[in-house]
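Engineer: from the sequence below, what's the structure:
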Amino acid sequence: MFRHWLYKAGSTLGPLRALRDRHRFLQKSQYWSQKRLANHQAMLLGDLLRHAASTVPFYRRYWQDRGGAVLDPAGLQEWPIVDKATLREHFDEMCSEDPHPDFWEYATGGSSGTPVKLLIDKEVKKWRWAAKMRNLEWMGWQPGDEVAFIWGSDFDRKRTSDLATRVFRKLSGQVWLNTFRASEAEYVDFGRFLLRWRPRFLVGYASSLATFVEICDHDRELRELRFEGVQSSAEVLHEHHKERLRQRFGCGVFDLYGQREVGNIAQNTVDDGPLLVNAESLIVETVGEGEGSRIVATDLRNLSFPLIRYDTGDLGARVGKPSNESRALPCLGPITGRQAEMLTAPNGRLVHCEYFAHLFYGQQAVQRFQLVVRGPKVVIRYQSRSSVDLAPVVAAIHKDIDPSWSIETERVDAFDSLASGKHSYVVREDQQ
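Structural biologist: Next up is the predicted model:
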């Protein structure tokens, strides 16, 4: 109760009042009609396209070579798709010559551990924080509720270790375990602390949550842990891990899909439901057909570093809105993975690592896996407490995909995380 009161009192102060106002806006706008939401997006997109065409050298040159910019919001698909490589190669040219007054350089960790640099400003940050708050509300959170974070990013550890951040987390009811290089003993100690503290919600990296629930399954005391909701982010959380989280902690599991470059993109409002897009600040396209479509996002708020049709590197699909969903926000289906996680079998078939994840659904002893590509051969590395017979898995791959595929298995005690804190499901040694 004290923290709820503290939040209400603090939100009347200058810096937090702006965040509170944007949060309240998003609480109402999610129930707009589809027409009103589309008009809102078109207004912001029109401003963004005009701003980018006139003040961003990269886009100005692009359209000069083509006889003039397409400024009609309906012509968004005429604009080029950009990706991480574009940002790295053309950073200076992609900075606006007329940025927001309060901007700074923002280096993301990058899912591969390679930093990507862009500009961000206070206005963008406020809208992103407001979206984060709304996404937490979708699983039942209220401002001031206690939340435990199991986070795995060395990038975040270095960026948020200052005194102000630590004080804010303390006052707002947050406790964090940074799982980058964390030992099993540290996970256990954190779990026992949570047993005493009893936070309502658990938020974490998918791979960190998978590790934590595995440890809780094998610790008699930690089996008593319960939460009202679990929010998974940063990576794809495979279905068998979701089910273990539901069973162990007795609550729903919510998938938060986001990118550091554009912020929170989408989240489900009910366990196992479609992901609702934070459409007041983003336009999300799916380029291609089916579940393997590329997810392309346009940030409607960042005028300092306009990101228009940014290829997130992720794969997914648009889906229809459920009949029982009262919000008008567009929906995405499950994020099926990253483009880099596609493998090509010797017979030419494309296979996503999610296929391999399905093969492990019945292998409770396997905590995590990794596919190491060595030319035409694939080594399945798996983490477990003891050796596991994966002959049935290899047999299924040969039956389903390609009988000539050379598949080996290798048990490891643990995997090293990337600097971003994420677990790499595919390692291509033939490209190193």
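
Engineer: drop to CA atoms for contacts and neighbour counts, all remaining ones
Structural biologist: Will do.

Engineer: my guess is Tyr59 contacts His51. True?
Structural biologist: No - counting by CA atoms under 8 Å, Tyr59 does not reach His51; the two are 9.9 Å apart.

Engineer: so the two - more neighbours on which side?
Structural biologist: Using other CA atoms under 10 Å, the more surrounded residue of Tyr59 and His51 is Tyr59, with 23 against 20.

Engineer: show the pLDDT at the more buried one.
Structural biologist: pLDDT for Tyr59: 98.

Engineer: a helix runs through it, doesn't it?
Structural biologist: Yes - counting by DSSP: H, G, I helix; E, B strand; the rest coil, Tyr59 is part of a helix.

Engineer: which residue sits closest to it, ignoring its sequence neighbours?
Structural biologist: The spatially closest residue to Tyr59, leaving aside those adjacent along the chain, is Ala53, at 5.5 Å (CA to CA, 6 or more residues apart in numbering).

Engineer: which parts of the helix or strand harbouring that neighbour are buried?
Structural biologist: Assigned by DSSP states H and E, Ala53 belongs to helix 34-55. Using 16 or more other CA atoms under 10 Å as the test for burial, helix 34-55 gives 37-38, 41-42, 44-55.

Engineer: show me which of these is closest to Glu137.
Structural biologist: Taking CA to CA as the measure, Glu137 lies nearest Leu37 of the buried residues of helix 34-55, at 20.3 Å.

Engineer: quick one: contacts for the closest one?
Structural biologist: If a contact means CA atoms under 8 Å, 6 or more residues apart in numbering, then Leu37 has Ser29, Ala279, Glu280, Ala328, Leu329 as its contacts.

Engineer: from His51, how far out is it?
Structural biologist: 21 Å (CA to CA, to the nearest Å).

Engineer: one step back: could you export the helix holding Ala53 as CSV, CA atoms only?
Structural biologist: These are the backbone C-alpha positions of helix 34-55, laid out as CSV (Å, rounded to 0.1, in the frame of the first residue of the first chain):
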residue,chain,number,x,y,z
GLN,A,34,-10.1,1.0,-35.3
LYS,A,35,-10.9,4.1,-37.4
ARG,A,36,-9.8,6.5,-34.7
LEU,A,37,-6.6,4.5,-34.2
ALA,A,38,-5.8,4.4,-37.9
ASN,A,39,-6.3,8.2,-38.1
HIS,A,40,-4.0,8.7,-35.2
GLN,A,41,-1.3,6.5,-36.8
ALA,A,42,-1.7,8.3,-40.2
MET,A,43,-1.3,11.7,-38.5
LEU,A,44,1.9,10.7,-36.7
LEU,A,45,3.3,8.8,-39.8
GLY,A,46,2.7,11.8,-42.1
ASP,A,47,4.7,14.1,-39.7
LEU,A,48,7.4,11.4,-39.5
LEU,A,49,7.7,11.0,-43.3
ARG,A,50,7.9,14.7,-44.0
HIS,A,51,10.5,15.2,-41.2
ALA,A,52,12.6,12.3,-42.4
ALA,A,53,12.5,13.3,-46.1
SER,A,54,13.6,16.9,-45.3
THR,A,55,16.0,16.5,-42.3
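
Engineer: related to what we said a few turns ago, so the residue nearest to Tyr59 makes contact with Gln64?
Structural biologist: No - in this structure, Ala53 is not within contact of Gln64 by CA under 8 Å, at 9.4 Å.

Engineer: what's the burial count for Arg66?
Structural biologist: Neighbours of Arg66 (other CA under 10 Å): 9.
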